[in-house]
Each structure stands twice: as structure tokens, then as C-alpha cells.
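>>> model this:
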Amino acid sequence: MPRPLIGITTYVEESTRFRVWDVPASLVPTGYYELVQAAGGAAVLLPPDDPAAAAEVLGRVDGLVVAGGPDLDPARYGADRDPRTGPAATQRDDWELALISAALAAGKPLLGICRGMQALNVALGGTLVQHIDGHVEAPGVMSWHPVRPVAGTRYAQLVPEEAEVPTYHHQAVDRLGEGLIASAHAEDGTVEAVELPDSARWVLGVQWHPERDKDTRVLASLVEASAAPR
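Residues are numbered from 1 along each chain as shown. From the prediction side, this is the model:
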């Protein structure tokens with residue numbers, strides 16, 4: 001039986017060094033597709049495209065992972081820009097928000113990772129806290145801290161115990177998007193996972209970086225849901 005095909009969003013770096021070449025490149029850290037593969041899926045990388053093509057692209061894959069990355073433009077959720085918010089990534093915002101909307105409309109299993117969780121929240125009308133302290137150890141260095149599952153949620157079924165997770169973010173969910181519930185928290189109360197409490201749709205976001213860990217439980221569940229007939 002073919003492995004479920006899991007699409008992973010990628011992003012453009014305008015100046016990327018390849019031996020003698022310095023050119024724009026669409027890329028994503030290898031941990032994303034390695035984790036999908038370790039969880040039993042086949043990974044395909046999705047470069048930015050015309051947002052109008054999102055439904056067509058989603059029709060070719062069985063599930064979607066929205067990768068981590070830079071801050072979303074606060075204009076996407078009606079907020080003024082905090083000076084600590086990073087520069088806008090307009091093309092990426094357009095594409096990933098369109099992919100999320102298409103996945104939700106099609107009932108495709110969806111996992112948002114870090115920025116991807118925040119994008120899921122914004123796509124459903126939620127807002128973000130533009131800066132928090134304590135979830136980044138140092139520039140370029142992952143912090144590890146415990147997250148606590150919320151009883152009765154899909155995430156708690158997958159990871160029932162408190163777990164140490166790798167994290168690197170300075171923004172977080174503020175107002176939850178329509179239909180979303182919090183399914184894990186950090187010790188300081190920060191929302192660390194969200195989901196749609198709909199057994200017919202597999203939709204989950206995690207604020208940490210499972211691609212930097214060895215725990216495949218969340219990804220294995222995504223792959224399993226992506227293999228199910230719809």
C-alpha cells in the first residue's frame with residue numbers, strides 16, 4: 001500500500017550559497033521531511049505558489065504540514081505592528097494561509113508547526129501576542145521546556161504525559177480562532193497546542209518544533225489520518 005503523501009510548506013531565501021552559486025532558493029530544514037518519513041509518510045515539498053492554486057495543490061496530497069518560520073504580518077489579524085515583530089513575509093503569508101483554508105475546506109489532515117500553528121489560528125480569525133519572553137534560549141538555540149496536555153483533547157490522547165519539547169518562538173496565540181481549543185500549555189500558561197475538536201477532521205497545531213525531536217507520535221497520527229479514505 002502506498003505511503004500517504006504529506007505536503008510540507010517551504011519558503012524562499014533570497015540569497016542562498018550553493019558551492020559557487022549565490023541564488024534564491026525554496027527550502028525547509030531536513031528535520032521536517034525526515035520526521036514525516038520516520039512516521040510512515042512520504043514527504044513532498046511545496047514551494048510558494050499562486051494562492052489561487054492552493055486547492056489544486058491540496059488535491060494532490062493526503063495531508064499537510066505547515067512549517068515554522070518568521071512572524072506573520074500583524075495586519076493579517078488586524079493589529080498594529082509591535083517594534084519587536086519581524087519583517088513581513090507577504091508571499092509566504094498569502095500562500096500558507098490559502099493552503100490552510102483549502103485544507104480545512106477539503107477536510108485534509110493538517111499539522112501546523114510553530115509559525116504554522118500561529119497561521120492556523122490567524123486563518124480561523126484568531127490573534128497573536130506579538131512578543132513573549134522565555135521561549136528562546138539565545139539566537140539560533142532551541143530552548144526545551146515542559147508542555148502539559150489538556151485532558152480530553154486529541155493531543156492528550158497522543159501524548160498523555162507532560163513532555164519536554166524543543167521550542168524557539170517569541171510570539172504566541174492570544175485569542176483563539178473560530179472553533180479552535182487549546183490542547184496543551186507551557187508552565188507560564190502560553191498556549192502550546194491547538195486543535196479543532198472534531199473527530200471527523202484531524203487539525204492540530206503545536207508551538208514547538210517536533211522536527212527537532214525524536215517523538216513521532218503526533219506525526220504518526222497525522223500520517224494515519226492521511227491514509228484514511230475520505
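>>> which SS class is Arg60?
Of the three states, Arg60 takes coil under DSSP: H, G, I helix; E, B strand; the rest coil.
>>> typo on my end, Ala103
Per three-state DSSP, Ala103 ends up helix.
>>> can you give me the neighbour number for it?
27 (other CB atoms under 10 Å). Bear in mind the C-beta positions are built from the backbone N, C-alpha and C, glycine included.
>>> then Leu104?
For Leu104, using other CB under 10 Å, the count is 19.
>>> Pro229 now?
Using other CB under 10 Å, Pro229 is surrounded by 3 other residues.
>>> got a pLDDT number for it?
You'll see Pro229 listed with a pLDDT of 81.
>>> cool, and Ser15?
Model confidence at Ser15 (pLDDT) stands at 69.
>>> all strands of this structure, in order?
Counting by DSSP state E, the segments of the chain that form strands are 5-9, 11-18, 21-27, 42-46, 63-66, 110-113, 128-129, 143-149, 163-167, 172-173, 181-186, 191-195, 203-206.
>>> and the fifth one, average pLDDT?
For strand 63-66, the mean pLDDT works out to 98.
>>> who touches that strand?
Under the contact criterion CB atoms under 8 Å, 6 or more residues apart in numbering, strand 63-66 has outside partners 4-9, 32, 36, 41, 58, 96, 99-100, 103, 108-113, 115-116, 119-120, 202, 222-223, 225-226.
>>> could you rerun that using 7 Å?
4, 6-9, 32, 36, 58, 96, 99-100, 103, 108-113, 116, 119-120, 222-223, 225-226 (CB atoms under 7 Å, 6 or more residues apart in numbering).
>>> ranking the strands of the chain by burial, who's on top?
Among those, strand 110-113 has the highest mean neighbour count (mean count of other CB atoms under 10 Å), at a mean of 29.
>>> who does it pair up with?
Counting by DSSP bridges, the strands paired with strand 110-113 are strand 63-66 (parallel), strand 203-206 (parallel).
>>> columns distance to Arg148 on top of these, output as JSON lines?
Below are those laid out as JSON lines (distance: least, CB to CB, whole Å):
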{"stretch": "strand 63-66", "distance to Arg148": "24"}
{"stretch": "strand 203-206", "distance to Arg148": "13"}
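>>> Gly126 is nearest to which of these?
strand 203-206 (10.4 Å; CB to CB).
>>> contacting residues around the closest one?
Against strand 203-206 from outside (CB under 7 Å, 6+ apart): 104, 110-113, 116-117, 120-121, 154-155, 192-196, 218.
>>> can you give me the buried ones in stretch 113-124?
For stretch 113-124, a neighbour-count test (16 or more other CB atoms under 10 Å) marks Ile113, Cys114, Arg115, Gly116, Met117, Gln118, Ala119, Leu120, Asn121, Val122, Ala123, Leu124 as buried.
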